[in-house]
Every structure is written in structure tokens, then in C-alpha cells.
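> kindly generate the corresponding structure for this input.
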Amino acid sequence: MATEQTPNLAADLERFVKEQASRFGDVISYVPVPLTVGSIVLPPAHTPLPVGDRKTAVVLDEGLAGLEAKLAPYKDEKWMSATSLDIMQQEIHDCQKCALGATRNKLVFGVGNQQSKVLVIGEAPGADEDEQGEPFVGRAGQLLNKMLAAVNFERSDVYIANILKSRPPNNRDPKPEEVAACEPYLWKQILLLQPKLILCLGRVAGTNMLKINESLGKMRGQIYDFHGIQLMVTYHPAALLRNPDWKHGAWEDLKKFRAMFEALG
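Reported below is the predicted structural model:
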């Protein structure tokens with residue numbers, strides 16, 4: 001049976017929330033702690049929007065069947081027959097579908113829990129990722145790990161991928177032809193993963209996934225339907241490193257995303 005909180009406990013909870021938000025705001029020395037105080041689990045700050053209130057940014061086409069239809073033109077390519085992410089990665093590791101294949105060091109396929117309900121999508125590999133062949137391993141990746149931990153996700157709890165699997169020179173934005181060449185791979189990954197939630201990091205990831213021309217500010221805070229999968233867009237960790245004032249907004253986004261995860265049961 002639930003009992004009313006004592007004044008001291010209520011104050012402790014309020015202080016804990018403030019401390020947690022402060023830790024998230026500290027880019028360098030941030031040390032995540034669970035969203036609990038003893039045996040008491042803090043309630044989510046936000047709840048998901050009802051289904052009817054979600055923004056529909058893509059044609060659903062009967063959910064994931066729509067992605068299968070979009071992949072139909074590639075049905076004769078070997079990677080399309082892959083029955084697992086590991087097999088698919090082997091099939092495309094030397095992809096030369098766009099000019100980035102000639103300039104990259106390593107193709108950055110994706111990493112994480114292949115049974116996860118959560119897919120995190122970034123923009124494209126950077127220098128560290130190109131060197132190691134894994135997404136989000138540089139400073140932005142370190143911050144991403146801390147951002148996830150702040151809302152009780154370990155890196156190993158989610159799957160992480162990018163819009164592009166090869167690094168654009170000087171970390172420039174992906175060109176339309178590069179996205180067109182690479183995004184079928186991401187669609188196939190989504191079919192294999194079948195996530196329940198997608199978190200897009202940054203404007204480039206959000207606009208390319210949703211095929212809309214919106215600012216990050218307008219996309220943030222919304223829950224979109226992506227072929228039946230709930231999708232949110234928040235700041236890219238690299239942007240937070242450059243603009244510390246945005247960290248509070250990212251913290252609010254992540255709390256909402258965690259609440260969506262909890263609502264899945």
C-alpha cells in the first residue's frame with residue numbers, strides 16, 4: 001500500500017532530482033547515478049503522448065511492411081538476404097556505393113544489443129569512429145554513454161548506428177546522394193532489430209529519418225511514428241560539447257524518452 005511521503009523524504013527526493021540534473025549538465029566530471037533513492041523509484045517527468053497525438057512524419061504503410069516495400073529494389077543484392085546483423089555486416093564491409101567508400105578507413109556498421117527495444121541513430125562517423133570502426137567512441141561517444149546512463153540505460157542496453165556508415169571528409173553534413181546510397185542499409189538493420197523506440201541524435205539524423213525539412217527545435221519534444229515505431233529527436237552529443245546551454249533541454253528529452261520506454265512494459 002502506498003504511503004504519503006514525509007516532509008524530509010519529499011525534500012530528499014527534490015534534492016536528488018536537482019543533483020541528477022546538475023550531474024547531467026557537467027560534461028566532463030559527470031558521474032551518472034540511478035533514478036532511484038533507496039527502494040523508491042522516481043516517477044518519470046513526462047509521459048508519452050497518446051497515439052492520436054503523435055506526429056506522423058512518414059507514411060506508415062502497415063508498419064514495418066512499408067520498409068520492406070522500400071527495400072524491394074535491392075532484393076537481388078546479397079546483403080538483403082542476411083538473417084542477422086552480423087551476416088549483414090560481413091556482406092557490406094567493403095561497400096563502394098558512394099564516393100566515401102574510397103576515403104574511409106573503416107566502415108562503421110553499428111554496435112550494441114541486437115535484442116534491444118531501443119535504437120539510437122546518429123549522423124555519421126567521425127575521425128575516432130572511422131579509425132576504430134565503431135559508432136560514438138570519441139568525446140561525443142563518451143558523453144552519449146553518460147547521457148544514456150543518466151536515464152538508466154547502459155551502452156550495452158541499446159543498439160547504436162548512424163545515417164551514414166562512412167565518414168564524410170572534415171565531418172561535413174552528408175550529401176543527399178550519400179544518404180540515398182546508405183539508408184537502405186539502415187532500413188534493413190531496423191527490420192532485423194525491430195526496435196520499439198528510436199532516438200535520433202541531431203538535426204541531420206532526424207530530418208533524414210523522417211524526410212521532413214524542420215529545425216531541430218521544432219522536432220524536439222515530439223513523438224513521431226516511423227513505420228509504427230515511436231521516434232524522438234534530441235541534441236547530438238557533439239552539439240552539447242560545443243553548446244553547454246543546451247544540456248538542460250537534452251536532459252528533459254531523455255527523461256521523456258525513458259518514460260516512453262517504461263510505458264512499453
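
> flag the shaky bits of the stretch 151-265 of the chain, pLDDT-wise.
Applying pLDDT under 70 to the stretch 151-265 of the chain flags no residue at all.

> where do the strands sit along it?
159-162, 197-201, 224-226, 229-234 (DSSP state E, counting those that start in this stretch).

> so which of the ones you listed comes closest to residue 182?
strand 159-162 (8.6 Å; Cβ to Cβ). For the C-beta atoms, the positions are set from N, CA and C on the backbone; glycine is no exception.

> what's the closest one in contact with?
Strand 159-162 is contacted by residues 108-114, 116, 118-125, 135-136, 144, 186, 189, 193, 195, 205 when judged by Cβ atoms under 8 Å, 6 or more residues apart in numbering.

> now could you export just the CA positions of that strand as PDB?
The C-alpha trace of strand 159-162 is given here as PDB (Å, rounded to 0.1, in the frame of the first residue of the first chain):
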ATOM      1  CA  TYR A 159      21.800  -0.600 -30.400                       C
ATOM      2  CA  ILE A 160      23.700   2.400 -31.900                       C
ATOM      3  CA  ALA A 161      24.000   3.200 -35.600                       C
ATOM      4  CA  ASN A 162      24.300   6.100 -38.000                       C
END
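
> adjacent strands (with direction) for it?
Next to strand 159-162 in the sheet, as set by DSSP bridges, lie strand 111-112 (antiparallel), strand 118-122 (parallel).

> surely residue 66 meets residue 225?
No. The criterion here is Cβ atoms under 8 Å, and residue 66 misses it with residue 225 at 10.7 Å.

> would you confirm that residue 174 contacts residue 123?
Yes. Between residue 174 and residue 123 there is a contact under Cβ under 8 Å: 6.9 Å.

> what's the overlap in contacts for the two?
Taking Cβ under 8 Å, 6+ apart as the contact rule, residue 174 and residue 123 both touch 163, 164, 204.

> now render those as CSV, adding neighbour count.
Below are those laid out as CSV (neighbours: other Cβ atoms under 10 Å):
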residue, neighbour count
163, 23
164, 29
204, 21
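
> pLDDT value on residue 41, please?
At residue 41, the pLDDT value in this model is 42.

> show me the contacts for the residue lying closest to residue 198 once chain neighbours are set aside.
Spatial nearest neighbour of residue 198, excluding adjacent residues (Cβ to Cβ, 6 or more residues apart in numbering): residue 231 at 4.3 Å. Applying Cβ under 8 Å, 6+ apart, we find residue 231 in contact with 57, 197, 198, 199, 200, 209, 210, 223, 224, 225.

> thinking again about what came up before, just the buried residues out of the contacts of strand 159-162, in PyMOL syntax.
In PyMOL, this line selects whichever of the contacts of strand 159-162 come out buried by 16 or more other Cβ atoms under 10 Å:
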select buried, resi 108+109+110+111+112+116+118+119+120+121+122+123+124+125+135+136+144+186+189+193+195+205
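
> restricted to helices, list the contacts of strand 159-162.
The helices, defined by DSSP state H, take in 144, 186, 189, 193, 205 from the contacts of strand 159-162.

> got a list of what the third one touches?
Which is residue 189. 85, 88, 110, 161.

> gap between it and residue 259?
25 Å (Cβ to Cβ, to the nearest Å).

> ok, the fourth one next?
Here the criterion is Cβ to Cβ. By it, residue 193 lies 22 Å from residue 259.

> kindly report the same for the first one.
When distance is defined by Cβ to Cβ, residue 144 is 19 Å away from residue 259.

> likewise for residue 69?
With Cβ to Cβ as the criterion, residue 69 and residue 259 are 32 Å apart.

> from the chain's centroid, how far away is stretch 244-259?
Distance, stretch centre to chain centre, for stretch 244-259: 13 Å (Cα atoms, centre = their mean, to the nearest Å).

> residues of it that come out buried?
Within stretch 244-259, the residues that count as buried by 16+ other Cβ under 10 Å are 246-247, 249-259.

> thinking again about what came up before, I'd like to know which of the contacts of residue 231 is nearest to residue 265.
residue 197 (12.6 Å).

> list the residues that contact the closest one.
Residue 197 makes contact with 117, 118, 119, 229, 230, 231, 232, 257, 260, 261, 264 under the criterion Cβ under 8 Å, 6+ apart.
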